[in-house]
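# task: produce atomic coordinates for the following.
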Amino acid sequence: MNLVQATLIDARPGPGRRIRAALGFAPRDTLRQDASLAAALAVVASVLAAADLGSGRHPDALGWTLLLSAHVPLVWRRRAPMAVLCVAIALLATYHQLDFNHSAPTAASMAALYTVAETRNLRRTLPIGAGVIGLMVVLKLNDGMAGVAESMRITGWVIAMLVIGSYLRVHRENVAAAVERAERAERTREEEARRRVAEERLRIARDLHDLLAHSITLIGVQTSVAAHVLAADPTRLDREAVAKALDDIAETCRTARGEIRTTLEVLRDGDHTSPDTRGPLPGLHGLPDLAVTARAAGAKVELTVRAGDPPPAVGAAAYRIVQEALTNAVRHGGRDDLSVRVSVDELDGALRVRVTDDGTGAAAATPGFGLVGMRERARSVGGTVQAGPRADGEGFEVTAQLPLEGAA
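Down below sits the predicted model:
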């Protein structure tokens, strides 16, 4: 994951929209669909009633009114399934009681039952189905054996509609749960990708800050040394001192250029960039070089390392913390004879880094990104940083605790 890919993440549609579109869960006009279904079922019922297919007499004006009115509530069957079923049962019970064509309204009554089973759980569906069957049996009691046979046939249709509706409801719930899990998984992946992009940006910003602040500070100090030598006694120019200052400046520039190139490689195309191409992470082995460059800037640096080889992330964090602390000491020390003590110890499963100086300007310096960067680096490996004036009021002190166990 690199910075170029960040815009691709933001430009993509939301996970829910993509997954639901792929599975066919696009928004639908259910009212229009139900109105079309009600009209189609009304046409079928009218054909059956007009052709006198099935038992019962041909509908008169009242029969046609009851038959067609029973189809009207189906328009709202998915919005108010129980209300639609109750209205349809009331109209159709009257229709059947008047002995009009019994086959015509079958489809409408089955559609209402199916909708209830599809939208209600099994605990509610069973009593509703039992009530419909009981009402139908009561209406057929006076028909003798023919009524019993008709009751058995209608009971089969009622049970079939309830089973189909319940099965589809369970299936739809399972699909919805699967879609929700897929949405959650994709949302988690995208959040993780964004988090990695943010961490990569922060890492690059910290590296560039530490590198540029350290290098520019050293170049400024070395340039001041060269300018001081040139202006101190023009008649007796110390060519060796000037040459050494210029050589130090050139070496600092070369080192900074190499580190900047390594850092900026992560901004290239992701197909060609991997963690292996960034070069080795800085670690405790690089602390002597930091001490040498700080001494070249005029500081008296005392370095003590009493620790083994820590995990790479911990070693890099310790290196950057020492680098920033030395940079701040050289920049804000305010003394020509500045003394800095750097100690790195391994104690109780943690790496303890302590940088102290006897400067006079650190306490009054305006807070910048340096201290924030040190705290972020320590926090990235589960550690902490304390920075502030020394207890005796002379100089500045930076202390970091970096746990070794479990560091990534």
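# where do the helices sit along the protein?
Applying DSSP state H to the chain gives helices spanning 6-11, 15-22, 30-50, 61-69, 81-97, 106-119, 122-139, 144-232, 239-264, 287-296, 312-332, 369-380.
# between the ones you listed, which one is closest to residue 358.
helix 312-332 (9.3 Å; C-beta to C-beta). For every residue, glycine as well, the C-beta is placed using N, CA and C.
# can you check what angle separates that closest one from helix 287-296?
Using axes from the mean of the first three to the mean of the last three C-alpha atoms, to 10 degrees, the direction of helix 312-332 lies 10 degrees away from that of helix 287-296.
# residue 138 and residue 31, how far apart?
Plainly put, residue 138 is 34 Å away from residue 31 if you go by C-beta to C-beta, to the nearest Å.
# next one: residue 40
Residue 40 is 15 Å from residue 31, by C-beta to C-beta.
# just residue 384 next, same as before
61 Å.
# also residue 58?
33 Å.
# one more: residue 42?
The value you get for residue 42 to residue 31, if C-beta to C-beta is used, is 16 Å.
# so for these two, which residue has more residues nearby?
Taking other C-beta atoms under 10 Å, residue 42 and residue 31 do not tie; residue 42 has more neighbours (21 against 12).
# surely that one meets residue 75?
No - contact criterion C-beta atoms under 8 Å: residue 42 and residue 75 do not qualify, at 10.6 Å.
# overlap of the contact sets of the two?
Overlap of the contact sets of residue 42 and residue 75 (by C-beta atoms under 8 Å, 6 or more residues apart in numbering) is empty.
# point out where the stretch 151-300 of the chain drops to low pLDDT.
Flagging of the stretch 151-300 of the chain using pLDDT under 70 yields the residue ranges 151-153, 213-214, 222, 225, 228-230, 232-238, 241, 262-281.
# buried ones in stretch 371-387, by neighbour count?
371, 373-378, 380-383, 385, 387 (16 or more other C-beta atoms under 10 Å).
# need the residues that contact that stretch.
202, 206, 209-210, 311, 313-314, 316-317, 320-321, 324-325, 350-351, 396-403, 406-408.
# for ChimeraX, write the select line for the buried members of the residues you listed.
Here is the ChimeraX selection string for the buried members of the contacts of stretch 371-387, based on 16+ other C-beta under 10 Å:
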select :206,209,210,311,313,314,316,317,320,321,324,325,350,351,396,397,398,399,400,401,402,403,407
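# doesn't residue 64 make contact with residue 95?
No - look at residue 95 against residue 64 with C-beta under 8 Å: they stay out of range, at 9.9 Å.
# more crowded one of these two?
Using other C-beta under 10 Å, the more surrounded residue of residue 95 and residue 64 is residue 95, with 25 against 18.
# what sits against that one?
Neighbour list for residue 95: 63, 66-67, 70, 105 [criterion: C-beta under 8 Å, 6+ apart].
# can you check residue 288 too?
Contacts of residue 288 by C-beta under 8 Å, 6+ apart are residue 303.
# quick one: it from residue 326, how far?
12 Å.
# before we move on, what about residue 96?
On the measure of C-beta to C-beta, residue 96 and residue 326 end up 96 Å apart.
# try residue 40
Taking C-beta to C-beta, one finds residue 40 at 84 Å from residue 326.
# and for residue 94?
96 Å.
# and those two? Which one has more around it.
Neighbours per residue (other C-beta under 10 Å) separate residue 94 from residue 326, with residue 326 holding more: 28 against 14.
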